[in-house]
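Asks: need coordinates for the following:
(chains A and B)
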Amino acid sequence: GNSVTQMEGPVTLSEEAFLTINCTYTATGYPSLFWYVQYPGEGLQLLLKATKADDKGSNKGFEATYRKETTSFHLEKGSVQVSDSAVYFCALSDPKSGGYNKLIFGAGTRLAVHP
Amino acid sequence: NAGVMQNPRHLVRRRGQEARLRCSPMKGHSHVYWYRQLPEEGLKFMVYLQKENIIDESGMPKERFSAEFPKEGPSILRIQQVVRGDSAAYFCASSRTGDTEAFFGQGTRLTVV
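Replies: Numbering: from 1, shown residues only, chains lettered A, B, ... in the order given. Here you go, the predicted structure:
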């Protein structure tokens, strides 16, 4: 079945360090891919998305490229800030869902950034 | 334009009681999704509804759980005879027809004591 696998956390970085959070997926068909961020005690916010192969999603200094050949959608940021501390979820839209936004989430990766 | 509104934010129920979770989608959104997040886990799809119709309930437990999205008013996720294992954060999301983006509410954190 369709699934998303994320690197396990927590990821602990110093401010201004480079961030990579790995995400790979298994899906039949052509899903859209998403990164969501969850700040403590809050709901999920869409960070970025990509809807087809080789698309690059970007927002707030974060970016991820839809790689069909490696079935990956790794999240990167060149210089993290303390305010980036949160849990990051990779997700795909189930291509079997018939066109609606049934999302399949990874387990989440907690990021802690220290000054 | 208000976002997806969920209430209550926190709900405490004793074992055997009923829990009702409400979700008002964003204005103009006619698609509602419910997800459950167990502690330290990702979100798991439960159910997808359009106005007055359940489209996909493949993630709903077979017993005690039900959902509705009436013509007027919010979507309701109802859990009867709650047990400790129902303790989780329940998130609602909404989207417009044809849109690839779903917007999430802040969630309802249910604690069963």
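Asks: pick out the residue closest to the middle of chain B.
Replies: B:Trp34 (3.8 Å; Cα atoms, centre = their mean).
Asks: that one pairs with what?
Replies: B:Val47, B:Cys92 (DSSP bridges).
Asks: right, and it touches B:Ala67 too?
Replies: Yes. Taking contacts as Cβ atoms under 8 Å, B:Trp34 lies within contact range of B:Ala67: 6.0 Å. The way it works is simple: take the backbone N, C-alpha and C, and place the C-beta from them, glycine included.
Asks: and for these two, which residues touch both?
Replies: B:Met46, B:Val47, B:Ser75, B:Leu77 (Cβ atoms under 8 Å, 6 or more residues apart in numbering or on different chains).
Asks: redo the residues you listed as a markdown table? Include neighbour count and pLDDT.
Replies: As requested, these are exported to a markdown table (neighbours: other Cβ atoms under 10 Å in any protein chain shown; pLDDT from 0 to 100):
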| residue | neighbour count | pLDDT |
| --- | --- | --- |
| B:Met46 | 21 | 96 |
| B:Val47 | 24 | 96 |
| B:Ser75 | 23 | 97 |
| B:Leu77 | 25 | 98 |
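Asks: one step back: check the residue nearest to the centre of chain B and give its pLDDT.
Replies: As predicted, B:Trp34 sits at a pLDDT of 97.
Asks: ok, B:Pro61 next?
Replies: Predicted confidence (pLDDT) for B:Pro61: 94.
Asks: same question for A:Leu103.
Replies: Predicted confidence (pLDDT) for A:Leu103: 90.
Asks: so what's the residue count around it?
Replies: Using other Cβ atoms under 10 Å in any protein chain shown, A:Leu103 has 26 neighbouring residues.
Asks: how about it, nearest residue that isn't a chain neighbour?
Replies: A:Ala91 (4.6 Å; Cβ to Cβ, 6 or more residues apart in numbering or on different chains).
Asks: dihedrals phi and psi, that neighbour?
Replies: phi -150, psi 160 (degrees, to the nearest 10).
Asks: quick check: bridge partners of it?
Replies: A:Phe34, A:Phe105.
Asks: hang on, it packs against A:Gly106?
Replies: Yes. Counting by Cβ under 8 Å, A:Gly106 is a contact partner of A:Ala91 at 6.8 Å.
Asks: mutual contacts of those two, please.
Replies: Each of A:Val4 lies in contact with both A:Ala91 and A:Gly106 under the rule Cβ under 8 Å, 6+ apart.
Asks: chain A contacts on chain B?
Replies: Counting by Cβ under 8 Å from any Cβ of the partner chain, chain B comes close to chain A at B:4, B:6, B:31, B:33, B:35, B:41-45, B:48, B:55-56, B:91, B:93, B:95, B:98-107.
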